[in-house]
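> Here's my sequence, what's the structure:
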Amino acid sequence: MDTITHNPVEGVYAATADYAHALEVRGAERLLFVSGTMGLDAAGDAPDTLDAQLALIWSNVRAILATAGMTVDHVVRVTSYLRDGSYAEPNAAARNAALGGRLVPTTAIVVETLARDWLVELEVIAAA
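The predicted structure follows:
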């Protein structure tokens, strides 16, 4: 599978350093759509801090990807649902760290989560 980043410089605003406008996937045989995943531990409990929840979210995403024989290297799209707009920067930093600096298309949306202790939720698309 090959990926090609598309960040046009004319006719659209510039992409920032933490995401790509578009990612073309060529030669993929499989797509994995990961449901909204929270920063919950194995007992279903959410830690109190955003950083702890972000660490757990990416740990949970890795475990889900592994069941399909994939890793974070296969992630081609991330949608983040944030309880508060101030979480955008730490969320982007956690995403970029989890993906090893590889930029993918992403959207962050500020929402009221289903449970007050869920600070962030991620949806991921992966391709292999």
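> C-alpha only now, for contacts and for neighbours.
Fine.
> tell me the SS of the nearest residue to Thr5 once chain neighbours are set aside?
In space, and not counting its chain neighbours, Thr5 is closest to Leu23: 4.6 Å by C-alpha to C-alpha, 6 or more residues apart in numbering. Secondary structure assignment for Leu23 (DSSP: H, G, I helix; E, B strand; the rest coil): strand.
> Let me know how buried Leu23 is, in neighbour terms.
18 (other C-alpha atoms under 10 Å).
> list the contacts for it?
Counting by C-alpha atoms under 8 Å, 6 or more residues apart in numbering, Leu23 makes contact with 3-6, 76, 104-105.
> any chance of these in a markdown table, with secondary structure too?
Output for these, formatted as a markdown table (three-state DSSP):
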| residue | secondary structure |
| --- | --- |
| Thr3 | strand |
| Ile4 | strand |
| Thr5 | strand |
| His6 | strand |
| Val76 | strand |
| Val104 | coil |
| Pro105 | coil |
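> Out of those, who's the most crowded?
Of those, with other C-alpha under 10 Å as the count, Val76 tops at 23 neighbours.
> show me the contacts for that residue.
Val76 neighbours (C-alpha under 8 Å, 6+ apart): 23, 104-105, 124-127.
> Please name whichever of these scores lowest on pLDDT.
The member of the contacts of Val76 with the lowest pLDDT is Leu23, at 94.
> For that one, give its distance to Ala127.
11 Å (C-alpha to C-alpha, to the nearest Å).
> and what of Arg26?
Taking C-alpha to C-alpha, one finds Arg26 at 10 Å from Ala127.
> Which one's more surrounded, these two?
Counting neighbours by other C-alpha under 10 Å for Arg26 and for Ala127 shows that Ala127 has the greater number, 22 against 12.
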